[in-house]
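[1] could you work out the structure for the sequence below:
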Amino acid sequence: MKISELRECERPRERLLVQGASALGNAELLAVLLGSGTPAQSVIDISNALLAKAGWRLDRLFALSVADLESVDGIGPARAATVQAAFELGRRFLVEKADAPRVIVVSGRSVYDLMIPRLKGLDHEECWAVLLDTLGRCNRTVRLTSGGFDSTVLDIRQIVRMAVGAGAAGMVLVHNHPSGDPRPSGADCAMTDKLRQGLESVCIRLVDHVVVSDFSFFSFAENRLAKA
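    Below is the predicted model:
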């Protein structure tokens with residue numbers, strides 16, 4: 001059924017204006033973004049096809065490339081760009097919210113909550129440093145590497161110089177596993193030990209190394225795999 005054939009109170013845009021965005025389902029919200037359908041399909045049909053391509057999960061929809069989006073009938077470059085722009089605005093909102101000054105890092109969960117807006121849905125590994133002051137408060141976050149699907153390479157000496165230059169008293173290393181399994185590999189453990197030794201040589205403490213996936217995390221400190 002075409003949107004024009006629906007009663008006005010049932011149309012996604014009109015419902016959003018009257019009831020608020022939270023009243024709409026995912027397909028309806030996408031329909032508002034896309035605007036209109038095609039002669040062959042309603043905008044709701046196109047929205048449902050997009051969601052189906054992503055397995056009905058928004059994190060997978062976020063990860064789709066422009067080419068993946070355009071493979072859905074009714075989605076061209078302009079609409080693919082609109083969808084990606086909407087997701088990027090959402091991510092930036094979450095990152096901005098997580099960047100509240102002086103967040104206190106007290107657990108693996110607090111690190112996960114701080115960093116997941118940056119790392120959720122990525123199809124490649126990224127490694128970040130959370131730099132702490134003497135009271136364990138986050139002064140800043142720094143992206144160290146952005147690698148392939150399952151690996152990043154760290155320059156320990158460069159990281160140590162960066163931490164010293166920033167006046168950090170402590171650091172938490174954070175990286176993601178796109179596979180969805182946050183359990184560390186042998187390479188993760190070896191990298192953690194090398195970084196700990198490098199930081200200790202300049203009197204900076206490696207407080208933790210937290211490996212995150214979209215819905216879970218692994219803390220080296222809480223699992224006694226890193227010296228605290």
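
[2] after the longest helix belonging to the chain comes which helix or strand?
    Assignment by DSSP state H gives helix 77-98 as the longest helix of the chain. Per DSSP states H and E, the first helix or strand lying C-terminal to helix 77-98 is helix 108-119.

[3] which strands and helices sit next to the longest helix of the chain?
    Counting contacts by 3 or more Cβ pairs under 8 Å, 6 or more residues apart in numbering; DSSP states H and E, helix 77-98 is packed against helix 26-34, helix 58-63, helix 66-70, helix 108-119. Where you see a C-beta, it was placed from the backbone N, CA and C, and this is true even at glycine.

[4] check those helices for me: which has the lowest mean pLDDT.
    Least confident of the helices and strands packed on helix 77-98, judged by mean pLDDT, is helix 58-63 with a mean of 87.

[5] ok, residues contacting that one?
    Here helix 58-63 makes contact (Cβ atoms under 8 Å, 6 or more residues apart in numbering) with 26, 50-51, 53-54, 83, 87, 91, 120-123, 214.

[6] pull out the buried positions in that helix.
    By neighbour count with 16 or more other Cβ atoms under 10 Å, helix 58-63 contains the buried residues Arg60, Leu61, Phe62, Ala63.

[7] stretch 201-211 too?
    Buried residues in stretch 201-211 (16+ other Cβ under 10 Å): Ile204, Arg205, Leu206, Val207, Asp208, His209, Val210, Val211.

[8] one step back: out of the buried residues of helix 58-63, who's nearest Gly37?
    Leu61 (18.6 Å; Cβ to Cβ).

[9] quick one, domains of this structure?
    When the chain is parsed with automatic domain parsing, its domains come out as 3-96, 101-219.

[10] quick one: closest of those domains to Leu225.
    domain 101-219 (6.4 Å).

[11] distance from the chain centre to the closest one, please.
    Domain 101-219 sits 14 Å away from the centroid of its parent chain (Cα atoms, centre = their mean, to the nearest Å).

[12] what sits against the closest residue to Val66 other than its chain neighbours?
    The shortest distance from Val66 to any non-neighbouring residue, by Cβ to Cβ, 6 or more residues apart in numbering, is to Ala80 (4.7 Å). For Ala80, the contact set (Cβ under 8 Å, 6+ apart) comprises Val66, Leu69, Glu70.

[13] ok, of those residues, which come out buried?
    Among those, those classed as buried by 16+ other Cβ under 10 Å are Leu69.

[14] any chance of JSON lines for the contacts of Ala80, columns distance to Gly76?
    Shown next, in JSON lines, are the contacts of Ala80 (distance: Cβ to Cβ, whole Å):
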{"residue": "Val66", "distance to Gly76": "10"}
{"residue": "Leu69", "distance to Gly76": "9"}
{"residue": "Glu70", "distance to Gly76": "6"}
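
[15] go ahead and confirm Ala49 touches Val72.
    Yes: using Cβ atoms under 8 Å, Ala49 makes contact with Val72 at a distance of 5.0 Å.

[16] would you mind measuring from the residue nearest to Arg79 when sequence neighbours are not counted to Ser42?
    Using Cβ to Cβ, 6+ apart and skipping the chain neighbours, the partner closest in space to Arg79 is Leu34 (5.5 Å). Distance, Leu34 to Ser42, using Cβ to Cβ, to the nearest Å: 10 Å.

[17] try Gln84
    Separation of Gln84 from Ser42 (Cβ to Cβ) stands at 22 Å.

[18] which of those two has more neighbours?
    Neighbours per residue, other Cβ atoms under 10 Å: of Gln84 and Ser42, the larger number sits with Ser42, 19 against 16.
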